[in-house]
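Asker: Quick one: sequence and predicted model below, then my questions.
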Amino acid sequence: GESVGLHLPTLSVQEGDNSIINCAYSNSASDYFIWYKQESGKGPQFIIDIRSNMDKRQGQRVTVLLNKTVKHLSLQIAATQPGDSAVYFCAERGGTSYGKLTFGQGTILTVHP
Amino acid sequence: DTAVSQTPKYLVTQMGNDKSIKCEQNLGHDTMYWYKQDSKKFLKIMFSYNNKELIINETVPNRFSPKSPDKAHLNLHINSLELGDSAVYFCASSPFGQYSTDTQYFGPGTRLTVL
């Protein structure tokens, strides 16, 4: 299920299912987007990135989709595993900013064995 | 080999004290950053240095002073600590930073608790 407000959105899936995590961004001038995974007690870890001149990019078990028309980004994880359980953040870089990343709210993904 | 390292990992201190957090990267990157993550997991950039030069300085109280002795190190000194400074502070680095779409690599974080 999902919850918003004071709590992070959450997504619970069964092991082996596909997961889709969504992110809305605000700056139409953003030219670069990254998905990070943060496990408990650790720093954010790079998963996959995409530039604004693309609408899809695939990695190993992960796919990022970018819809610039509605300023929406999604991360798809295939065959989700318990080790995928973490908080997932999207981040955008504004077109004129000097490496400055603006992070989204984060989504808690819980994978049940 | 640790790419981006921070010390200490945990820091517990009293209000009003001054403390420092150190960051080192062995990736040969030109740009380093400090981020603050609050209790709601919200990550916000504080500072960025490129080759020892301050590039990004967000609206941060001037009690926070970053120092970059060389491009592999970016330390964060905090004066007169307040309760609201309690958070996890992350250091990050990226190869170039300016106008490039390069990835930022994060350290393990320093959990600061102000009592």
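Answerer: Thanks, I have the structure now.
Asker: Every contact and neighbour count from this point should use C-alpha atoms.
Answerer: OK.
Asker: what's the following helix or strand after the helix or strand where A:Glu92 lies?
Answerer: Per DSSP states H and E, A:Glu92 falls inside strand A:86-93. Once the chain leaves strand A:86-93, the next helix or strand it forms, by DSSP H and E, is strand A:101-103.
Asker: Listing partners with orientation, what would you give for the helix or strand following that following strand?
Answerer: Counting by DSSP H and E, the next helix or strand C-terminal to strand A:101-103 is strand A:107-112. Within its sheet, and counting by DSSP bridges, strand A:107-112 is paired with strand A:10-14 (parallel), strand A:86-93 (antiparallel).
Asker: Can you list the buried residues in the next helix or strand after the first one?
Answerer: To tie it back to what came earlier, the one meant is strand A:10-14. Note on strand A:10-14: by DSSP H and E, the next helix or strand toward the C-terminus is strand A:19-24. By neighbour count on 16 or more other CA atoms under 10 Å in any protein chain shown, the buried set for strand A:19-24 is A:19-23.
Asker: just stretch A:52-67 next, same as before
Answerer: Judged by neighbour count (16+ other CA under 10 Å), stretch A:52-67 contains these buried residues: A:52, A:56, A:62-66.
Asker: Nearest to chain B among these?
Answerer: A:Ser52 (10.4 Å; CA to the nearest CA).
Asker: ok, the closest one touching A:Asn27?
Answerer: No - using CA atoms under 8 Å, A:Ser52 makes no contact with A:Asn27, being 11.7 Å away.
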